[in-house]
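Trainee: Sharing a model prediction with you, sequence too.
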Amino acid sequence: MGDWPVGISTGCFYYMNFFDCIQPIRHGGFSMIEIASSRGHLDYHDKHAMRRASHTLEREGIEAYSFHAPFREDIDVTSLDPGARAHARKEIFAAAEAAAILGARHFVFHPGPEKSYMPAPEERFLRMNGAAEIINEVCDHCRELGVGIALENMLPHLFFGNMRDMLWIIGAIDSPIVGTCLDTGHAFLAGDISRIMYKLSGHLQFLHANDNMGQLDEHLPPGKGKIDWKQLLHELNEIDFEGAFILELMGNAQKSPEEVMAEARQSRRFLRDLSRRLTQAAPPTVRGAARNVAE
């Protein structure tokens with residue numbers, strides 16, 4: 001059973017300036033983060049701010065594990081409009097360059113638009129091919145920058161919100177560096193979480209860990225919703241997952257940074273305690289012996 005590293009997304013502090021949330025994160029006991037890209041939080045167009053952020057993280061001993069590409073309605077790599085596609089490409093390229101300045105290991109990218117729209121089959125095919133074309137270009141750019149790229153599964157009411165489309169886009173990408181980021185909350189709402197591990201096993205880089213009650217994308221702390229985390233961790237162990245858990249928790253101006261970090265520490269304890277209980281139930285020597293017998 002893996003004792004996977006646990007980090008936190010600065011998205012829970014989206015309403016704050018990025019530089020104001022670093023001390024709460026450090027004092028909260030976390031040394032690995034995913035950086036959100038909303039302009040009010042940290043403007044990925046501002047290379048001076050990116051270099052300052054990189055220096056701040058190095059000084060504080062915090063790793064930029066991943067950087068989340070912007071996701072807005074105006075950034076649509078599936079658009080059939082050439083101008084809209086060019087705009088989306090420009091924004092994603094700028095964000096990838098910001099990820100490189102930050103020294104991020106992974107660049108997380110939503111492969112579809114942030115709007116509820118299910119086109120007719122012919123249009124759907126054209127849009128998916130258009131998305132594959134741009135994502136291939138993004139992968140090439142990331143490879144030149146030295147940053148890995150991870151496609152995130154989206155909410156079920158959005159384009160690319162089901163596993164079939166995710167697997168299609170992965171197959172349509174030429175780059176060897178592309179992987180996936182599993183958002184547990186999105187997968188649970190889509191009804192895919194019970195079988196998603198084995199479908200993504202060859203591509204899964206890390207998780208966005210959050211919970212919900214099965215109706216809304218609530219970004220609850222793991223263990224506070226209806227996801228079966230015991231089964232999820234068991235499946236991760238079965239596929240020899242070696243990535244990290246990045247906590248994506250809900251935060252707002254009514255909740256203090258200290259309260260958010262307390263929830264994050266509780267989430268980390270929950271995941272680690274569950275992992276260790278599963279290890280005790282099936283010690284590595286026993287599992288290894290079982291594999292030897294099977295072989």
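Mentor: Yep, that arrived.

Trainee: Tell me where this protein has helices.
Mentor: Taking DSSP state H as the criterion, the chain contains helices spanning 18-27, 47-60, 82-102, 121-145, 163-171, 184-190, 196-200, 229-238, 257-281, 284-294.

Trainee: pLDDT of the third one, averaged?
Mentor: On average, the pLDDT along helix 82-102 is 95.

Trainee: mind listing what's buried in it?
Mentor: Using 16 or more other Cβ atoms under 10 Å as the burial criterion, the residues of helix 82-102 that qualify are 84-85, 88-89, 91-102. The C-beta positions use only the backbone N, C-alpha and C, and glycine is treated the same way.

Trainee: Identify the residues contacting F206.
Mentor: Taking Cβ atoms under 8 Å, 6 or more residues apart in numbering as the contact definition, F206 lies against 65-66, 106, 150, 181-182, 243-246.

Trainee: Mind doing that once more with 10 Å?
Mentor: The neighbours of F206, taking Cβ atoms under 10 Å, 6 or more residues apart in numbering as the test, are 4-5, 7, 34, 65-66, 105-106, 108, 148, 150, 179-182, 241-246.

Trainee: how many neighbours does the nearest residue to M163 once chain neighbours are set aside have?
Mentor: Spatially, and ignoring its direct neighbours in sequence, M163 is nearest to D192 (4.8 Å; Cβ to Cβ, 6 or more residues apart in numbering). Neighbour count for D192, taken as other Cβ atoms under 10 Å: 21.

Trainee: and D192, how far is that from V77?
Mentor: 22 Å (Cβ to Cβ, to the nearest Å).

Trainee: Could you do I196 as well?
Mentor: When Cβ to Cβ is applied, the distance between I196 and V77 equals 22 Å.

Trainee: Of all the residues in stretch 266-283, which ones are buried?
Mentor: Residues of stretch 266-283 classed as buried: 267-268, 270-271, 274-275, 278-279 (neighbour count, 16+ other Cβ under 10 Å).

Trainee: which one among these gets closest to K115?
Mentor: Sorting the buried residues of stretch 266-283 by how near they are to K115, with Cβ to Cβ, puts S267 at the top with 30.1 Å.

Trainee: Could I get the contacting residues of that closest one?
Mentor: With contacts defined as Cβ under 10 Å, 6+ apart, S267 is in contact with 6, 8, 209-211, 220-224, 245, 247, 249.

Trainee: Quick check: PyMOL command selecting the buried ones in these.
Mentor: The following PyMOL line selects those of those that are buried, judged by 16+ other Cβ under 10 Å:
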select buried, resi 6+8+209+210+211+220+221+222+224+245+247+249
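
Trainee: Relative to D140, which of the contacts of S267 is nearest.
Mentor: When those are compared against D140 (criterion: Cβ to Cβ), the nearest one is F245, at 29.0 Å.

Trainee: if I read this right, that closest one contacts D183, doesn't it?
Mentor: No. Under the contact definition of Cβ atoms under 10 Å, F245 does not touch D183, with a separation of 11.5 Å.
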